[in-house]
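Undergrad: Here is the input, now give the coordinates:
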Amino acid sequence: MSGASGGVEGVMGGTAARPLRADAERSVRAILEAAERVLSEDPGASMEQIAAAAGVARTTVHRRFAHRQALIDALAVSAARQLSRVVEDGRPDTAPPLVALHRITADVIEVKSAWAFALGLPAEPGSEAAVLQQDIARRCTTVLERAREAGLIDEAADLDWVRRVYYALLGECLHGDPGDAETDADTLAARIIDTLLRGAGPRS
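TA: Numbers count the residues shown, from 1 in each chain. Prediction:
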């Protein structure tokens, strides 16, 4: 599963953020990746099942996470941090808007594909995950504003609606078509952007 790196420090429930030793960070990453796999298949899975999937002792999981909800909260925060990071890496404020939109879309598809369960969890108001999601929405709107300034989006378009359509297209492409061979992130990103900017009408 693609990386939890960079997103595991300070995500343990009820503890202040602090750097982890390399071995502790590896075990937390393994637990979070296992939690994503196991909970995707069985949302009611126990800490013991997650520990077994991670290849660690049950006591290790309980040492890192005080209880099951703390683990789930940490999973949501870690995934949201990764999503926020790839949006930031796409340079929404400075890259040419079409370049930024494509890069962000392709990278978001990869993160959402790897962490579908975690990113589908409802974020508690005021939580770090909720704040990150709000910031991601703001950055998305920034890219769309710049795209409108570049003449890629109609000047009268409601950008909040455009953003919601964009989110819906992202969600739809993640369902996938088993018979479709062209499902790499770049191809899917191109499809999303083409549909978002040009719709399904006839092309001149």
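
Undergrad: Can you pull out the low-pLDDT segments for this structure?
TA: 1-20, 176-182, 204 (pLDDT under 70).

Undergrad: What are the boundaries of the strands in it?
TA: Assigned by DSSP state E, the strands in the chain number zero.

Undergrad: how about the helices in it?
TA: For the chain, the helices defined by DSSP state H occupy 22-41, 47-54, 58-64, 68-89, 97-114, 116-119, 128-149, 159-175, 185-198.

Undergrad: Please render these as CSV that adds mean neighbour count to the earlier fields.
TA: (Each C-beta comes from the backbone N, C-alpha and C, glycine too.) Shown next, in CSV, are the helices of the chain (neighbours: other C-beta atoms under 10 Å):
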stretch, mean neighbour count
helix 22-41, 19
helix 47-54, 18
helix 58-64, 16
helix 68-89, 21
helix 97-114, 20
helix 116-119, 20
helix 128-149, 17
helix 159-175, 15
helix 185-198, 17
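
Undergrad: List the contacts of the spatially closest residue to residue 84 that is not a sequence neighbour.
TA: Leaving aside its sequence neighbours, residue 84 sits nearest to residue 132 (C-beta to C-beta, 6 or more residues apart in numbering; 4.7 Å). Shown in contact with residue 132 (C-beta atoms under 8 Å, 6 or more residues apart in numbering): 77, 80-81, 83-84.

Undergrad: 10 Å instead, please
TA: Going by C-beta atoms under 10 Å, 6 or more residues apart in numbering, residue 132 touches 76-77, 79-85, 87, 123.

Undergrad: can you tell me how far the residue nearest to the spatial centre of the chain sits from residue 163?
TA: For the chain, the residue nearest the mean C-alpha position is residue 83 (3.8 Å; C-alpha atoms, centre = their mean). Distance, residue 83 to residue 163, using C-beta to C-beta, to the nearest Å: 15 Å.

Undergrad: do you know how far residue 123 is from residue 174?
TA: 18 Å.

Undergrad: How about residue 189?
TA: Residue 189 is 12 Å from residue 174, by C-beta to C-beta.

Undergrad: Settle this for me: residue 76 is touching residue 82, isn't it.
TA: No - using C-beta atoms under 10 Å as the test, residue 76 is too far from residue 82 to be in contact (11.1 Å).

Undergrad: Between these two, which contacts overlap?
TA: 115, 118-119, 132.

Undergrad: Tell me which two of the residues you listed sit farthest apart.
TA: Largest separation among these by C-beta to C-beta: 115 and 132, giving 12.9 Å.

Undergrad: got any residues that touch both of those two?
TA: Common neighbours of residue 115 and residue 132 (C-beta under 10 Å, 6+ apart) are 76, 79-80, 82-83.
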